[in-house]
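Undergrad: structure for the following, please:
(one chain, ligands or ions: 1)
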Amino acid sequence: MDATQEYLQRRDQLVREDRALRVDASRLASLTDIEAKAEAVVRATRAVEADSVWGTGKSIFDYNPIDSTPNVFPGMAFLTARETVTKTKLFQMLNKMPKGALLHAHLDATVNVDVLLKLALAQPAMHVRAPARLTTSNIVATLPEFKVLSPGAFSTSSSLTDSTYIGGEWVPLYRARETFDESLEGPVGFDNWVKRALTINPSEAYGTHDSPTKIWAKFSSTFLTCHNLIYYLPIWQQYIREFILSSIDDGISYVEARVNFLYKYMTGPDGLENLPHREWLIIFDRVLNEIKAELKEQGRQDELIGVKLIYTTIRFITPEELEWYTEDALALKQEFPHLIAGFDLVGHEDSLKPLIDYIEPLTKFMRRREELGVDLPFIFHAGETLGDGNAPDMNLYDAILLGTKRIGHGYSLVKHPKLMEICREKGIAVEVCPISNEILRLTSSMPAHPLPILVNHGVHVSLCSDDPAVFGNMGLTFDFFQVLMASEVTGLLTLGEFARDSIKYSMLEDEEKAYALGLWEKRWLEFLEWVGRTGDE
Ligand SMILES: O=c1[nH]cnc2c1ncn2[C@@H]1O[C@H](CO)[C@@H](O)[C@H]1O
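TA: Sure thing, here's the model as predicted:
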């Protein structure tokens, strides 16, 4: 062997050793022909598009002081890349991939805003108002407010833009849209006004609100605005249906969705806000069963394993108030054991209460769980921060000590070698939300995201969309795409490993899990074969 050959061998060996802990290491060690072929097709497609779609075609020696061509690169900021992404061959391939489970999504932000608006417009009881008549000069600075009024109390007011509109008056939603003034672009202008309030746009994320705290102010306002649209039973039941069906369309076969139980009641068909949490679950169960029955009729029952809910409330409540919620969650779990998967506290970690502030009610909850023999695990958000040793970063220690089954986000986990080791040993997977982290300004783009650090340390992850209606990353294809573009080590088979892990680290019972994995493996194999064939075309 000559010196070069020997060097190359040592080089290969070092790379292998360095990558030995990776979550995909054992799978990559021996590939079937089908796996190897699909992997090669995806890598080749990515390489071509890295140039043809995401390249600038310029060398670093081509300096032009007034260059204004757009700044494109693989894994670039999602909101400016989105349209281009959807046109790529790679995206179209990934769209067909069986994704496994979606383990981290806040139900309030899971239905496309166009669809939500359409559902709301069909409800005569849904009203909208603004603090003053809307004009070209105030519309951008004004947020809509929605409310369901009781049948006897419908408003006769007809326009938000007419000179007769008195600020604060309710207008039926569909009428406010029909009468929206031409100077504000009529009904289309109305739709855009509502949609702007429910989503984050690129100029906010990358311009005016380019810091975690500023973008969270916008982000929080989207939840306040959409609440009254969603938590009206006639809409809610259609909303859930839409969420489940659109997830199936994206190749997701199982979901654990976080539901915000902060508000104690939802508005019923009579316009009264009086439906308690258990009614929500009764409806949820009904919608889920209807969908399962329809799928079965169509011979598609294998496309949906199920949907479970993670009980959440928000980290601004007092520790005393938390006791009400933990008791509520325990009661719901006892009544609907098949529907409730876990318990979590959500909201902006940087500014709200850390887990340690709730340690009394949380340990009391653990005792109560034991007494009642109820299996209701913690699945905590923790470490969704840029901080190092600050309160949200310290949430990671508490989440782990409290026995969390998974970690939501865990963005700062890579700073903690001991905690990563514990995650590895105890099988605590991290719900990584790549696009969410980028839009909420923790990372400027995907190449700067810490995901490869977790993967290289052998910490298991599942990729998640978090709040797709607000970010525009509906389904899981966008998150899988961004991750694939941002690493040369990660390939299709790594994505497959993430999908497999999303089922393995779900809260499904052992038997359900084995069944779900079996179905996924079957679809995965068909998908790999299909990808391979596209390489022959
Ligand atoms: O990424 C996140 N981290 C923490 N909390 C979140 C995130 N996305 C949404 N919510 C919280 O979930 C509630 C709706 O269910 C919202 O109030 C929002 O604050």
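Undergrad: so who does His409 touch?
TA: By C-beta atoms under 8 Å, 6 or more residues apart in numbering, the residues touching His409 are His104, His381, Ala382, Gly383, Glu384, Val430, Glu431, Val432, Cys433, Ser436, Asn437. Where you see a C-beta, it was placed from the backbone N, CA and C, and this is true even at glycine.
Undergrad: tell me which element Glu360 is part of?
TA: helix 359-372 (DSSP states H and E).
Undergrad: how far is that helix from where the chain is centred?
TA: Offset of helix 359-372 from its chain centre (C-alpha atoms, centre = their mean, to the nearest Å): 29 Å.
Undergrad: which helices and strands does it pack with?
TA: If you count contacts as 3 or more C-beta pairs under 8 Å, 6 or more residues apart in numbering; DSSP states H and E, helix 359-372 packs onto helix 319-335.
Undergrad: pull the helix it packs on out as PDB, backbone CA atoms only.
TA: Listed next in PDB are the C-alpha coordinates belonging to helix 319-335 (Å, rounded to 0.1, in the frame of the first residue of the first chain):
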ATOM      1  CA  PRO A 319     -48.300  27.800  41.000                       C
ATOM      2  CA  GLU A 320     -51.600  27.700  42.800                       C
ATOM      3  CA  GLU A 321     -53.500  27.800  39.500                       C
ATOM      4  CA  LEU A 322     -51.400  25.000  38.100                       C
ATOM      5  CA  GLU A 323     -52.900  22.700  40.700                       C
ATOM      6  CA  TRP A 324     -56.300  23.200  39.100                       C
ATOM      7  CA  TYR A 325     -54.900  22.300  35.700                       C
ATOM      8  CA  THR A 326     -53.000  19.200  36.900                       C
ATOM      9  CA  GLU A 327     -56.200  17.900  38.600                       C
ATOM     10  CA  ASP A 328     -58.100  18.700  35.400                       C
ATOM     11  CA  ALA A 329     -55.600  16.800  33.300                       C
ATOM     12  CA  LEU A 330     -55.700  13.800  35.700                       C
ATOM     13  CA  ALA A 331     -59.500  13.700  35.500                       C
ATOM     14  CA  LEU A 332     -59.500  13.900  31.700                       C
ATOM     15  CA  LYS A 333     -56.800  11.200  31.500                       C
ATOM     16  CA  GLN A 334     -59.000   9.000  33.700                       C
ATOM     17  CA  GLU A 335     -62.100   9.600  31.500                       C
END
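Undergrad: neighbours of the closest residue to the ligand within the stretch 1-150 of the chain, how many?
TA: The ligand sits closest to His106 of the stretch 1-150 of the chain, with a gap of 3.8 Å, by C-beta to the nearest ligand atom. Counted with other C-beta atoms under 10 Å, residues neighbouring His106 total 21.
Undergrad: check Pro417 too.
TA: Neighbours of Pro417 using other C-beta under 10 Å come to 10.
Undergrad: ok, it to Val459 distance?
TA: 11 Å (C-beta to C-beta, to the nearest Å).
Undergrad: run a quick neighbour tally on Asp466.
TA: Neighbours around Asp466, by other C-beta under 10 Å: 27.
Undergrad: cool, and Glu360?
TA: Neighbour count for Glu360, taken as other C-beta under 10 Å: 12.
Undergrad: name whatever forms a beta bridge with the closest residue to the ligand within the chain.
TA: Here the residue of the chain nearest the ligand is Asn260; by C-beta to the nearest ligand atom that distance is 3.4 Å. Here Asn260 sits in beta bridges with Thr312, going by DSSP bridges.
Undergrad: ok, now which ones touch it?
TA: His106, Leu107, Asp108, Phe223, Thr312, Thr313, Ile314, Val346.
Undergrad: export those residues to TSV and tack on pLDDT and secondary structure?
TA: Formatted as TSV, the contacts of Asn260 follow (pLDDT from 0 to 100; DSSP: H, G, I helix; E, B strand; the rest coil):
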residue	pLDDT	secondary structure
His106	98	strand
Leu107	98	helix
Asp108	98	helix
Phe223	98	helix
Thr312	98	strand
Thr313	98	strand
Ile314	98	strand
Val346	98	strand
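Undergrad: which of those residues ranks first by neighbour count?
TA: When neighbours are counted by other C-beta under 10 Å, Thr312 leads the contacts of Asn260 with 25 neighbours.
Undergrad: can you get me a residue count around the residue lying closest to Thr142 once chain neighbours are set aside?
TA: Excluding the flanking residues, the one nearest Thr142 by C-beta to C-beta, 6 or more residues apart in numbering is Ala130, at 5.3 Å. Close neighbours of Ala130, defined as other C-beta under 10 Å, add up to 21.
Undergrad: kindly report the same for Ile453.
TA: For Ile453, the neighbour count with other C-beta under 10 Å is 13.
Undergrad: and the strand or helix carrying it, what does it pack against?
TA: Per DSSP H and E, Ile453 falls inside helix 451-456. Using 3+ C-beta pairs under 8 Å, 6+ apart, the elements in contact with helix 451-456 are strand 429-432, strand 461-463.
Undergrad: buried ones in that helix?
TA: Leu451, Pro452, Leu454, Val455, Asn456 (16 or more other C-beta atoms under 10 Å).
Undergrad: ok, and what's touching that helix?
TA: 18-19, 21-24, 410, 413-414, 420, 430, 432, 434, 461, 483, 487, 489-490, 494.
Undergrad: export that helix to CSV, keeping only CA atoms.
TA: This file holds the C-alpha atoms of helix 451-456, laid out as CSV (Å, rounded to 0.1, in the frame of the first residue of the first chain):
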residue,chain,number,x,y,z
LEU,A,451,-29.5,19.6,15.0
PRO,A,452,-26.3,17.9,13.7
ILE,A,453,-24.7,18.2,17.1
LEU,A,454,-27.5,16.2,18.7
VAL,A,455,-27.5,13.7,15.9
ASN,A,456,-23.7,13.3,16.0
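Undergrad: and the residue nearest the centre of the chain, backbone torsions?
TA: Central residue of the chain (C-alpha atoms, centre = their mean): Asp466, 1.9 Å from the mean position. Main-chain torsions, Asp466, degrees, to the nearest 10: phi 70, psi -80.
Undergrad: packing partners for the host helix or strand of Asp285?
TA: Element membership of Asp285, judged by DSSP H and E, is helix 277-297. On a contact count with 3+ C-beta pairs under 8 Å, 6+ apart, helix 277-297 meets helix 233-249, strand 306-314, helix 319-335.
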